[in-house]
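Peer 1: Model the following, please.
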Amino acid sequence: MKTNIRLESSQFCYVYSKYKIQEIDGKKYIMPEANATKKNISITEHIDDLLVETLNIGKKEFLKETIQEFELLNYFSKYGSLGFMIDFAINKYFILDDKVAIREAFYITKKENIDFINIDEYLKFFLPKLNKRDISSLIKKCKDIASDTIKEDYLTSIINEFLIYSEHYAEPVELILNYARSLYKNLISTLENKPLTMKLPFLSVNHLTQNIDDLYYNNSFGFTINYLKQAIDISYSMQMAQDVRLLKICNFCEKAFIANNPKAEYDTPQCKNKANVYKSRGKTISRNVIHTDDGITVKIPSKELSDSLIKGLKRK
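Peer 2: You can find the predicted model right below:
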């Protein structure tokens, strides 16, 4: 069955001009700078670039490469926060309830199963600089607006603007890196046709709004994307579901890329040239190394190196 699907960005998506990384209660968060300005953006306009950049942050985390703080800050300045607060909550309008049901509870309560957490505690996790009075005021404001809202579409937009698009909203760095790493790990396993040894976290689209207004006009329907993680998840799913898969991993530098040619094996001509140089020298480069501009760096010990080290220890 063939289906025409459109991805549309909600007109109520925002990004701040400048972000910072700040440690609060022993946890590093990314949040807007105090003097940052907020502007409206489309999170589907450059959705391929968004997906690839997210995967390549995950690549660095997966391969234990160094991720500089400025890389994460540049990513946020370009695309904004991911919206984990909305995504984790099973009850869509949790701000109107006393408790929140969390589908990825481990990352907040350290519990493996679905957990219920008080609304003020949940808000505090993502709004760490607000005090109890501020949080109570926020809850009351959202409830007052909800009682006057005519359509659900408006309610979603208003709640998002007060929560994940607020100047106080913050996301833990660890959570961001875990998510990106999960995407990249899933991509590797799928491309190599290897079964996953465990269910990876995060990889499901939550609270997705369907738009079928054009169903009878152009035989298509769309999804309205309300926050960044939705865009990444559905873009990834659509790429992986294609008959001819163009989302690949470079055979040299191991970065993710979307190929123009289904037979492409490298993300850039430079990677292809470097790979040919190694082949011409008769060198076998395995996944035990990381390719860099300066040469190669050992990622994990090779079997030969491991055997040599073990023999040396036994002799001692």
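
Peer 1: ok, how many other residues are close to residue 56?
Peer 2: 22 (other Cβ atoms under 10 Å). Every residue, glycine included, has its C-beta placed from N, CA and C.

Peer 1: give me the element it is part of.
Peer 2: Element membership for residue 56, per DSSP states H and E: helix 47-62.

Peer 1: Give me the residues contacting the longest helix anywhere in the chain.
Peer 2: Longest helix in the chain, counting residues (DSSP state H): helix 173-191. Helix 173-191 is contacted from outside by 21, 27-30, 54-59, 61-62, 67, 72, 82, 84, 107, 194-196, 200-203, 229, 232, 236, 240, 245, 247-249, 256, using Cβ atoms under 8 Å, 6 or more residues apart in numbering.

Peer 1: What is the distance between that helix and the centre of its chain?
Peer 2: Here helix 173-191 is found 8 Å from its chain centre; the criterion is Cα atoms, centre = their mean, to the nearest Å.

Peer 1: Can you name the element that comes right after it?
Peer 2: Following helix 173-191 in sequence order, the next helix or strand is strand 209-211 (DSSP H and E).

Peer 1: Now do that next one: which elements does it pack against?
Peer 2: Strand 209-211 is packed against strand 220-225, with contacts defined by 3 or more Cβ pairs under 8 Å, 6 or more residues apart in numbering; DSSP states H and E.

Peer 1: Mean confidence (pLDDT) on the strand it packs on, please.
Peer 2: In this model, strand 220-225 has an average pLDDT of 83.

Peer 1: One more: stretch 122-141?
Peer 2: 96.

Peer 1: What's the end-to-end length of it?
Peer 2: Stretch 122-141 stretches 17 Å from its first residue to its last (Cα to Cα, to the nearest Å).

Peer 1: Report the buried residues of that stretch.
Peer 2: Neighbour counts using 16 or more other Cβ atoms under 10 Å place 122-128, 130, 135, 138-139 of stretch 122-141 among the buried residues.

Peer 1: Can you report how many residues neighbour residue 162?
Peer 2: Neighbours around residue 162, by other Cβ under 10 Å: 17.

Peer 1: pretty sure it is in contact with residue 138, am I right?
Peer 2: Yes. The criterion here is Cβ atoms under 8 Å, and residue 162 meets it with residue 138 at 6.6 Å.

Peer 1: Just the angle for the longest helix of the chain relative to helix 47-62, thanks.
Peer 2: For helix 173-191 against helix 47-62, the angle by axes from the mean of the first three to the mean of the last three Cα atoms, to 10 degrees is 100 degrees.
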